[in-house]
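Q: Need coordinates for the below:
(2 chains)
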2 protein chains.
Amino acid sequence: MFANRLSNLCVVLCAPSHPGNIGAAARAMKTMGVSDLRLVNPEVFPSDIATARASGATDVLDQARVFSSLAEALADTQFVVGTSARNREFVGEVLPLRAALTQATPHADVSTVALVFGTEMSGMTNEEVLRCHTLAYIPSNPDYSSLNLGAAVQVACYEWRMLAEQPGNYAAPEFALASQQDIERFYAHMETTMTAIGFFNPDVPKRLFPRLRRLFSRTRLEKEEVDIFRGFLRSVDALTEKTHTTKSH
Amino acid sequence: MFANRLSNLCVVLCAPSHPGNIGAAARAMKTMGVSDLRLVNPEVFPSDIATARASGATDVLDQARVFSSLAEALADTQFVVGTSARNREFVGEVLPLRAALTQATPHADVSTVALVFGTEMSGMTNEEVLRCHTLAYIPSNPDYSSLNLGAAVQVACYEWRMLAEQPGNYAAPEFALASQQDIERFYAHMETTMTAIGFFNPDVPKRLFPRLRRLFSRTRLEKEEVDIFRGFLRSVDALTEKTHTTKSH
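A: Residues are numbered from 1 along each chain as shown, chains lettered A, B, ... in the order given. Presented below is the predicted three-dimensional model:
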């Protein structure tokens, strides 16, 4: 499954501010056999500077897709690893890069895995971090941990390739994971249903949905599992409607 | 010995042609806690471009030393790992980066290890490769294996740091290795002695010294072992002189 593991990885750059770094990332990806580059609100793209820095990897740049939100960039992906030196608000698993990717590579046998990088100066935002299943940090000098964006992509893709070559120490997942889009729709559905039955008050949301996101991120929902939950929610919805109809009589 | 392993590593760049790459290498090193940078015939150094790319790692640039030959840059080092995508003339061990550095890191407990990078466009020369004990290659896309110099330094220093944190799966070497300078003097002495006794003909050198270098590179000579050989050679020299003196009588 080596070929799958390389073709099923996408690298997502959030708001890259220097086109040179986009080129460096493309080159870094291609040296490791990775080609799916996604850009969320790049400051400048396309750009001659990016093309120059990409050296012989202009094909990766040519195929790169631009999105206006991280949610759109991740819509068809199924496992999302964020890279962040800092933990901040994230309540899920935070692992060293190699450990995080060891978990992620077997999923790429059947699912699409995203590796998300934040903007150069400030890294991933809290909102971006919330969309990740796992956060990976690159072990580094505590006094100076700021890898250049291109260098961080290089290290991550190198580790990915090294791990992709290994069979993995547990059975590869048999079922495809749910896509991010399916999962976001599931959350939206859950919010509607829970509001309708009075369990959730959108005006006083507290930490309910962040905690639910944490739980479901950890479990790596499969597509069929999401279908089961959606079916359950639809049954609740039908009941609510019926009750409302009865009441109004 | 984690601190030793970081402080006893030096990164040697042979004839870097772009000052930006020197800066990127300095930054890459510092993010991994490595600080000893050595430059052999850099095209431009110091340079504002290097300083800009080094970002917060200007201290590494300020302390960088410039040499006019690789031999001088390696004089006080004891274990030399070259990085090269191609094998060429090298007859010693050629290993993937992680395997090569797994061998090298324990030596850094008591010896200085050098990690040598060739010039950007063409990599290490045959002559430079000959000065290495081991060659390391970064596993990469066979159709596009050309990592940017700064990116290659980043990956290598990242692997070094990951391995430096591990105790290693065999006992750390107890005796310091011989320095490259000591070993070069030993080769020079051997050549003189072998020429004097008629075993070696400098006009028809054949592959004798490349093969001896291969042998001794593999053995990782300790300082005391070099002393023993030098003592033996001196005895041979004394005998040769005596014979010549006798003959001339």
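
Q: Break down chain A into its strands, ranges please.
A: Counting by DSSP state E, chain A has strands at residues A:9-14, A:36-40, A:65-67, A:79-83, A:93-96, A:113-117, A:134-137.

Q: So in chain A, where's the weakest helix or strand by average pLDDT?
A: Comparing every helix and strand of chain A by mean pLDDT, DSSP states H and E singles out helix A:208-219 as the least confident one, with a mean of 79.

Q: between that one and strand A:79-83, how big is the angle?
A: If you take axes from the mean of the first three to the mean of the last three CA atoms, to 10 degrees, helix A:208-219 sits at 110 degrees to strand A:79-83.

Q: quick check, distance from stretch A:92-101 to the centre of its chain.
A: Centroid separation for stretch A:92-101 versus its chain: 13 Å, with CA atoms, centre = their mean, to the nearest Å.

Q: is it anywhere near chain B?
A: Yes: Stretch A:92-101 lies within reach of chain B by CB under 8 Å from any CB of the partner chain, at A:Arg98. Bear in mind the C-beta positions are built from the backbone N, C-alpha and C, glycine included.

Q: Can I get that stretch in PDB, CA atoms only?
A: The C-alpha trace of stretch A:92-101 is given here as PDB (Å, rounded to 0.1, in the frame of the first residue of the first chain):
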ATOM      1  CA  GLY A  92      -7.300  16.100  21.800                       C
ATOM      2  CA  GLU A  93      -4.100  14.100  21.500                       C
ATOM      3  CA  VAL A  94      -0.900  16.000  21.100                       C
ATOM      4  CA  LEU A  95       2.000  13.700  20.000                       C
ATOM      5  CA  PRO A  96       5.500  14.000  18.600                       C
ATOM      6  CA  LEU A  97       5.500  14.000  14.800                       C
ATOM      7  CA  ARG A  98       6.600  10.400  14.400                       C
ATOM      8  CA  ALA A  99       4.000   9.000  16.800                       C
ATOM      9  CA  ALA A 100       1.200  11.000  15.200                       C
ATOM     10  CA  LEU A 101       2.100   9.900  11.700                       C
END
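
Q: what comes up buried for it?
A: Buried positions in stretch A:92-101, judged by neighbour count with 16 or more other CB atoms under 10 Å in any protein chain shown: A:Gly92, A:Glu93, A:Val94, A:Leu95, A:Leu97, A:Ala100, A:Leu101.

Q: Next to chain B, which bits of chain A? Give me the list.
A: Residues of chain A lying near chain B (CB under 8 Å from any CB): A:24, A:27-28, A:30-33, A:55-57, A:98, A:138-141, A:144-148, A:150-151, A:154-155, A:158, A:161-162, A:165.

Q: From these, list the buried ones, please.
A: Using 16+ other CB under 10 Å, the buried ones in these are A:24, A:27-28, A:30-33, A:55, A:57, A:138-141, A:144-148, A:150-151, A:154-155, A:158, A:161-162.

Q: Among those residues, name the ones in helices.
A: With helices taken from DSSP state H, the overlap with these comprises A:Ala24, A:Arg27, A:Ala28, A:Lys30, A:Thr31, A:Gly150, A:Ala151, A:Gln154, A:Val155, A:Tyr158, A:Arg161, A:Met162.

Q: Now the fourth one. Nearest residue, chain neighbours left out?
A: The shortest distance from A:Lys30 to any residue other than its chain neighbours is 3.9 Å, reached at A:Ala57 (CB to CB, 6 or more residues apart in numbering or on different chains).

Q: Pull the contacting residues for the one you found.
A: A:Ala57 is in contact with A:Gly23, A:Ala26, A:Arg27, A:Met29, A:Lys30, A:Thr31, B:Tyr144, counting by CB atoms under 8 Å, 6 or more residues apart in numbering or on different chains.
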